[in-house]
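Undergrad: Okay, structure incoming, though there's no sequence with it:
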């Protein structure tokens, strides 16, 4: 039998030369080099006010290195960071054997504020000096991630007001029950008292929230959206994994070496409203020849008009571009896969409802008769629907509510009271260019198809690295500013990783 040398395991005392642990070309080496030589931490140092006394503070350079190293290893928990500083040799090397506790690390990340944007910009400058930024094409994409907010505590102000009324009634019932229990020889006074105190505390918190938020939140289109008691800047949004309460992290990536040029977190799940602010954020980073690309989630008339007004060269895909591109023929098999939100299997045909052709519209007299023979009244003669002039009519309540054809006329007859119908009169001539049609033509061109392919290869691997290699599965903070800072830290870590692989140390 072969004789093998003994392999030692368990605890061992070693003498470690910290300087020799940082291999040139590694992420740790690039991190330490960048923090020591390239980053200006004056703003973070100015926050420490213990010159005249008090205990010494941890160096911000040490804390930022610990956090970024942890993110590069897929560690997002501050408690695990604390344990790594105590047990892991590389964390000891990077931190200079500092061992900040988890509360110090968590407070540092949550209180970075505007300083994280300055640090992110400084890392970009160093990457640019290394020749990692090409500025030929910027690809935009985003990811929806849950945050430190309760999905169950979302609703409108009216929902919370009803909840407050119920809690107040419950508190009164508990007070009365406690009075009755006091008269009994074997009462559970202490347990009931704790429950009452907790209910009264939650009632007061809800009442204070309603006072601090006198109106409902408004979405990008000015309509009320759900608020949240734990983080009112987060949003309830649909993803392929289900409905979450969180933020959308949007990154703009340069195609030369996949450097993240801009990273922002938004408390909305509607990506088509984010194109303009994201493009504006990269205004000083682009050249006149820089091309912007994005997927169909960012395609909207308002966004395209904004790009046209700014003179930005862009290729923004629409929802139907795959149907028009022969390269995607035969790829509908992905619809057979189960979906957490949508059932893509064939559904039985729904009963056909009355359409505009079933209504008798007399253009000369401007009258409309419904299929039941009732006259409808006009509620819009000069309306526009997507550049088309329309005339609208609506049924009277006394006619619609008693009509026998409600099931064939209304999609939701139990909720909708009256039927409305619109008749298209034709497209309205305008001197303004049709930005939607122009973008479809650009996307369908050979250059457009090439740009969409380049977008895939540029931005998708970046989110693959952040989400799966670095395990960014959720944001751990509350509030848009804090979540935005955490997302920028992950983007910084990604850029430093690219910087480490650029060969600067050789």
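TA: Structure received. Everything quoted here is computed from the prediction, not taken from an experiment. Numbering: from 1, shown residues only.
Undergrad: mind listing what residue 261 touches?
TA: 124, 133, 138, 252-254, 282, 285 (CB atoms under 8 Å, 6 or more residues apart in numbering). Every residue, glycine included, has its C-beta placed from N, CA and C.
Undergrad: now do 6 Å
TA: Taking CB atoms under 6 Å, 6 or more residues apart in numbering, we find residue 261 in contact with 252, 254, 282, 285.
Undergrad: OK, contacts around the third one?
TA: With CB under 6 Å, 6+ apart as the criterion, the residues that contact residue 282 are 252, 261-262.
Undergrad: Tell me the secondary structure of the closest residue to residue 426 other than its chain neighbours, please.
TA: Leaving aside its chain neighbours, residue 426 sits nearest to residue 389 (6.1 Å; criterion: CB to CB, 6 or more residues apart in numbering). Of the three states, residue 389 takes strand under DSSP: H, G, I helix; E, B strand; the rest coil.
Undergrad: Which pLDDT value goes with residue 389?
TA: At residue 389, the model reports a pLDDT of 85.
Undergrad: I'd assumed residue 425 was in contact with it.
TA: Yes: Residue 389 is within contact range of residue 425, at 4.4 Å (criterion: CB atoms under 6 Å).
Undergrad: Mind putting the contacts of residue 282 into CSV with pLDDT and distance to residue 364?
TA: Formatted as CSV, these follow (pLDDT from 0 to 100; distance: CB to CB, whole Å):
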residue, pLDDT, distance to residue 364
252, 96, 55
261, 96, 60
262, 96, 57
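Undergrad: on that earlier part again, counting neighbours, which of the contacts of residue 261 comes out on top?
TA: Counting neighbours by other CB atoms under 10 Å, residue 254 leads the contacts of residue 261 with 28 neighbours.
Undergrad: So what does that residue look like in phi/psi?
TA: Main-chain torsions, residue 254, degrees, to the nearest 10: phi -80, psi 140.
Undergrad: With the one 3 residues further on instead?
TA: Main-chain torsions, residue 257, degrees, to the nearest 10: phi -130, psi 20.
Undergrad: picking up where we left off before, and which of the contacts of residue 282 is nearest to residue 291?
TA: residue 252 (12.1 Å; CB to CB).
Undergrad: beta partners of the closest one?
TA: With DSSP bridges as the criterion, residue 252 is bridged to residue 140, residue 262.
Undergrad: That one and residue 259: what is the separation?
TA: The gap separating residue 252 from residue 259 is 10 Å, by CB to CB, to the nearest Å.
Undergrad: Just the pLDDT for the residue lying closest to residue 168 once chain neighbours are set aside.
TA: Closest residue to residue 168 apart from its sequence neighbours, by CB to CB, 6+ apart: residue 203 at 6.1 Å. Per-residue confidence for residue 203 comes out at a pLDDT of 84.
Undergrad: Distance-wise, check residue 203 relative to residue 197.
TA: For residue 203, the distance to residue 197 - CB to CB - is 11 Å.
Undergrad: ok, those two, which is more surrounded?
TA: residue 203 (17 against 10).
Undergrad: Where does the more buried one fall, secondary structure wise?
TA: For residue 203, the host element (DSSP states H and E) is helix 189-212.
Undergrad: Residue 84 now?
TA: Using DSSP H and E, residue 84 maps to helix 78-87.
Undergrad: Just list what the following helix or strand past that helix packs against, helices and strands only.
TA: Sequence order places helix 89-95 as the next helix or strand after helix 78-87, per DSSP H and E. Counting contacts by 3 or more CB pairs under 6 Å, 6 or more residues apart in numbering; DSSP states H and E, helix 89-95 is packed against helix 60-72, helix 78-87.
Undergrad: per-residue confidence averaged over the first one?
TA: Read it as helix 60-72. Mean predicted confidence for helix 60-72 is 95.
Undergrad: Helices of the stretch 401-506 of the chain, residue ranges please.
TA: 406-409, 435-444, 446-464, 480-500 (DSSP state H, counting those that start in this stretch).
Undergrad: and of those, who's closest to residue 21?
TA: helix 480-500 (14.9 Å).
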